[in-house]
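> Here is the input, now give the coordinates:
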Amino acid sequence: MTPDIAFQLRQVYSFNVYPSALLSTSFTNVTIKAIMDPISAAKEIDIYALHAQIYPTLPVGTPNDPMAYDYVKIQTTAGNTTILGMAWIDANTVTLVTANTITAVISSVSAADINRIKNALTQNGFSAISLSIK
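Now for the predicted structure:
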């Protein structure tokens with residue numbers, strides 16, 4: 001049985017996956033880029049090879065067939081994209097991340113530092129940035 005996860009495109013989520021030793025412990029603040037059928041996913045990843053590696057870690061009742069479930073394309077905060085089988089995601093850990101604003105004060109800087117700080121934030125996946133100097 002595969003999980004019924006109602007991901008919404010372009011929304012941000014955090015969740016864990018069952019095969020954490022193979023993929024990652026958790027996926028934090030990832031953006032949903034696409035929900036894919038197995039044929040579409042197979043054009044971008046080897047769903048058969050990944051399923052063979054991951055299947056032993058999945059809950060009892062998960063179909064032993066990579067064509068039996070959908071896939072989700074995600075983008076991490078670092079800007080990397082990956083595709084995961086919906087059956088690989090622990091549905092009990094899925095949370096929608098609501099947008100917040102961080103206010104930071106960085107003292108003892110010059111106007112020349114604005115670009116360095118903006119570049120550092122951009123390289124780490126932050127794009128909605130507004131910087132000013134006082």
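
> got any ranges where this protein has weak pLDDT?
1-3, 25 (pLDDT under 70).

> Domain-wise, how is it divided?
Using automatic domain parsing, the domain parsing of the chain gives 12-96, 101-134.

> Deepest in the core, which of those domains is it.
domain 12-96 (a mean of 16; mean count of other CB atoms under 10 Å). From N, CA and C alone the C-beta is placed, and that goes for glycine too.

> before we move on, back to that, I'd like the domains of the chain as a markdown table, with distance to I5 appended.
As requested, these are arranged in a markdown table below (distance: least, CB to CB, whole Å):
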| stretch | distance to I5 |
| --- | --- |
| domain 12-96 | 5 |
| domain 101-134 | 23 |
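
> Point to the residue nearest the middle of the chain.
V30 (3.2 Å; CA atoms, centre = their mean).

> In contact with it, which residues are there?
By CB atoms under 8 Å, 6 or more residues apart in numbering, the residues touching V30 are V12, Y13, S14, F15, I74, Q75, T76, T77.

> The longest strand seen in the chain: partners in the sheet, and parallel or antiparallel?
Secondary structure of the chain per DSSP state E: the longest strand is strand 26-36. Note on strand 26-36: by DSSP bridges, its sheet partners are strand 12-16 (antiparallel), strand 71-75 (antiparallel).

> TSV please, covering these and showing distance to T93.
What follows is those, written out as TSV (distance: least, CB to CB, whole Å):
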stretch	distance to T93
strand 12-16	4
strand 71-75	14
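
> how about those strands, which one is nearest A104?
A104 lies closest to strand 12-16 among the strands paired with strand 26-36, at 20.0 Å (CB to CB).

> Distance from the chain centre to the closest one, please.
Its chain's C-alpha centre and that of strand 12-16 lie 7 Å apart, by CA atoms, centre = their mean, to the nearest Å.
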